[in-house]
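Asks: One predicted model, sequence on top.
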Amino acid sequence: MISLADQMRRIEQGTLTPEAALAESLAAIEAHEGTIKAFVNRTKNPKAQTKGPLRGIAVGIKDIIDTADLPTEMGAAIYKGNQPRADAPVVMQLKQAGATVVGKTTTTAFAANDPTPTLNPRNLGHTPGGSSSGSAAAVAAGMIPLAVGTQTGGSVIRPASFCGVAAIKPSYRLLPPVGVKIFSWTLDTVGLFAAGVEDVAMALAAVTGRSELNAPEMKSPRIGVVTQDFAGPPETGGAEAQQHAARAAAKAGASVRELKMPVIVAEAWRIHIIVQQFEAHQAFAWEYGENYDAMPPLLRKRLDDSRHYTPADYDAARNVAVKARAALNEIFKDVDVLLALSAPGIAPKGLDSTGDARYNQLWTLMGTPCVNVPAYVADGNLPVGVQTIADYGDDAKAIAAARFMERALR
């Protein structure tokens, strides 16, 4: 993989030009894209910028995020050829930091369930995950050092786990979701993929202008291990990955103990679907109501099956979420971060499914920052990640603990 941090350092030192850094990515795309199929549209003759901390850094943008120079088709036939007039704010933040957009990465249709043709670079017979399929795969294949994705259930952290890359789902709305096709405005969160935790940290700091997000490694963190029993048991490789990570953290000097989540937090996990689907019916009112037959089949069925949720159901679910966030805030008074699986296990075989978000959806609803750290490689060269989770707004702490976790796992 291409290290963003390494490229940034060499550019700053003058041993690598922005043009040469960009050329490295463009050559890698030419070499691997024919197999991986991570991009749906690519920029013609992209040019490296000469100013900004991310000058020379190639970035891929998930194709539900508006770009003025490339179509935003959302993986859906309804929007084929759709050309936005303006860049989404997060795209402008990247450009203002010096990054060069080299293309739009594949997304499951409307960032829902209908898969893309993208392959997992770790094992071509398995899904890269979704919905940010192309963003995770492009970084994992060593084509680009940085990619943007979004998460409503588990669409950043899960594909990062399946593809063996680092990623952050920041605190809710740290990165602006304006100019992004909305699925659920309570949940949708813009995130980043990169080769390692340092790369993610440096990118997030550069994009937001918040230098404190490039946090140094935490020393002796207090870690609460969360198995999420309410979400069902882990799959192949999952339990091994979490146990391996917990042992490695303890050996490296962390205080590690298992935590059981309060009942209200488990209840929040259950009602995530109510919030998501109630808002989805409003977000897709035009597509579902006026273009029903053209809707992607898996998303259409998902909407068909969730028409029964009422405003009262939605209000009750939001009330549960508020109480769960308060309960979670109390938990973070006794631990620095939580350690949870990033996915139930390895990436499913084939491309029919992008995997299960059941280990991600709670944290998306809670709005907490989550950082995926590759933790374990199962048979078939298939990675499984763990996520460090901090309290809302404590993104620097989630990153600092992820750096500790990454070193411990080496």
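Replies: Alright, I've got the coordinates.
Asks: From the contact counts, what lies against the host helix or strand of residue 279?
Replies: Per DSSP states H and E: residue 279 is located in helix 263-283. In terms of contacts (3 or more Cβ pairs under 8 Å, 6 or more residues apart in numbering; DSSP states H and E), helix 263-283 is packed against helix 297-304, helix 311-331, helix 361-366. Every C-beta, even on glycine, is put in place using the N, C-alpha and C of the backbone.
Asks: Can you tell me which of the ones you listed is most buried?
Replies: Burial of the helices and strands packed on helix 263-283 is given as mean neighbour count (mean count of other Cβ atoms under 10 Å); helix 361-366 ranks first at a mean of 26.
Asks: for that one, what is the average pLDDT?
Replies: For helix 361-366, the mean pLDDT works out to 98.
Asks: Please apply the same query to stretch 84-93.
Replies: Predicted confidence along stretch 84-93 averages 98 (mean pLDDT).
Asks: Could you do stretch 46-64 as well?
Replies: Taken as a whole, stretch 46-64 carries a mean pLDDT of 98.
Asks: wait, isn't residue 90 in contact with residue 174?
Replies: No. With contacts defined as Cβ atoms under 8 Å, residue 90 does not count as touching residue 174, sitting 10.3 Å away.
Asks: Could you count how many residues lie near the residue nearest to residue 360 when sequence neighbours are not counted?
Replies: Spatial nearest neighbour of residue 360, chain neighbours left out: residue 154 (2.8 Å); criterion: Cβ to Cβ, 6 or more residues apart in numbering. Using other Cβ atoms under 10 Å, residue 154 is surrounded by 31 other residues.
Asks: tell me the contacts of residue 154?
Replies: Applying Cβ atoms under 8 Å, 6 or more residues apart in numbering to residue 154 gives the contacts 343, 355, 356, 357, 358, 359, 360, 361, 364.
Asks: got these as JSON lines, with distance to residue 185 columns?
Replies: Output for the contacts of residue 154, formatted as JSON lines (distance: Cβ to Cβ, whole Å):
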{"residue": "343", "distance to residue 185": "25"}
{"residue": "355", "distance to residue 185": "24"}
{"residue": "356", "distance to residue 185": "23"}
{"residue": "357", "distance to residue 185": "18"}
{"residue": "358", "distance to residue 185": "22"}
{"residue": "359", "distance to residue 185": "23"}
{"residue": "360", "distance to residue 185": "18"}
{"residue": "361", "distance to residue 185": "16"}
{"residue": "364", "distance to residue 185": "12"}
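Asks: which of those lies closest to residue 30?
Replies: residue 355 (29.0 Å; Cβ to Cβ).
Asks: So that closest one is in contact with residue 157, correct?
Replies: No. In this structure, residue 355 is not within contact of residue 157 by Cβ under 8 Å, at 10.9 Å.
Asks: Not counting the next helix or strand along the chain from the helix holding residue 279 itself, show me its contacts.
Replies: Later in the chain than helix 263-283, the nearest helix or strand by DSSP H and E is helix 285-290. If you take Cβ under 8 Å, 6+ apart as the criterion, helix 285-290 is touched by 76, 78, 110, 281, 294, 295, 300, 303.
Asks: do stretch 302-310 as well
Replies: Stretch 302-310 has contacts (Cβ under 8 Å, 6+ apart) with 112, 113, 273, 274, 277, 278, 280, 281, 284, 288, 295.
Asks: between these, which has the most around it?
Replies: When neighbours are counted by other Cβ under 10 Å, residue 112 leads the contacts of stretch 302-310 with 26 neighbours.
Asks: Now do the helix or strand encompassing residue 168: which elements does it pack against?
Replies: For residue 168, the enclosing helix or strand under DSSP H and E is strand 166-169. Counting contacts by 3+ Cβ pairs under 8 Å, 6+ apart, strand 166-169 packs against helix 157-163, strand 189-194, helix 197-208, strand 370-378, helix 395-409.
Asks: What strands flank the second one, and is each parallel or antiparallel?
Replies: According to DSSP bridges, strand 189-194 has the following sheet partners: strand 146-151 (antiparallel), strand 166-169 (antiparallel).
Asks: Run the angle between that strand and helix 197-208 for me.
Replies: Orientation check (axes from the mean of the first three to the mean of the last three Cα atoms, to 10 degrees): strand 189-194 against helix 197-208 gives 130 degrees.
Asks: quick one: buried residues of strand 189-194?
Replies: 189, 190, 191, 192, 193, 194 (16 or more other Cβ atoms under 10 Å).
Asks: What of stretch 61-73?
Replies: For stretch 61-73, by 16+ other Cβ under 10 Å, it's 61, 62, 63, 64, 65, 66, 67, 70, 71, 72, 73.
Asks: contacting residues for the fourth one?
Replies: Remark: with contacts taken as Cβ under 8 Å, 6+ apart, residue 64 is in contact with 72, 74, 75, 107, 110, 111, 150, 180, 181.
Asks: ok, and the third one, which helix or strand is that part of?
Replies: Looking back up the chat, that one is residue 75. Assessed by DSSP H and E, residue 75 sits outside every helix and strand.
Asks: Not counting its neighbours along the chain, what's nearest it?
Replies: Counting by Cβ to Cβ, 6+ apart, the residue nearest residue 75 is residue 109, at 4.2 Å.
Asks: And that neighbour, how far from residue 158?
Replies: Plainly put, residue 109 is 17 Å away from residue 158 if you go by Cβ to Cβ, to the nearest Å.
Asks: Also residue 311?
Replies: Distance, residue 311 to residue 158, by Cβ to Cβ: 30 Å.
Asks: same thing with residue 240?
Replies: 18 Å.
Asks: Between these two, which is the more surrounded one?
Replies: Ranked by neighbour count (other Cβ under 10 Å), residue 240 and residue 158 place residue 158 first, with 34 against 15.
Asks: show me what contacts the more buried one?
Replies: Contact analysis of residue 158 by Cβ under 8 Å, 6+ apart lists 129, 130, 342, 343, 354, 355, 356, 357, 359, 360.
Asks: One more pass at 7 Å, please.
Replies: Contacts for residue 158 (Cβ atoms under 7 Å, 6 or more residues apart in numbering) come out as 129, 342, 343, 355, 357, 360.
Asks: Please type out the ChimeraX selection for whichever of those residues turn out to be buried.
Replies: In ChimeraX, a selection of the buried entries from the contacts of residue 158 looks like this (16+ other Cβ under 10 Å):
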select :129,342,343,355,357,360
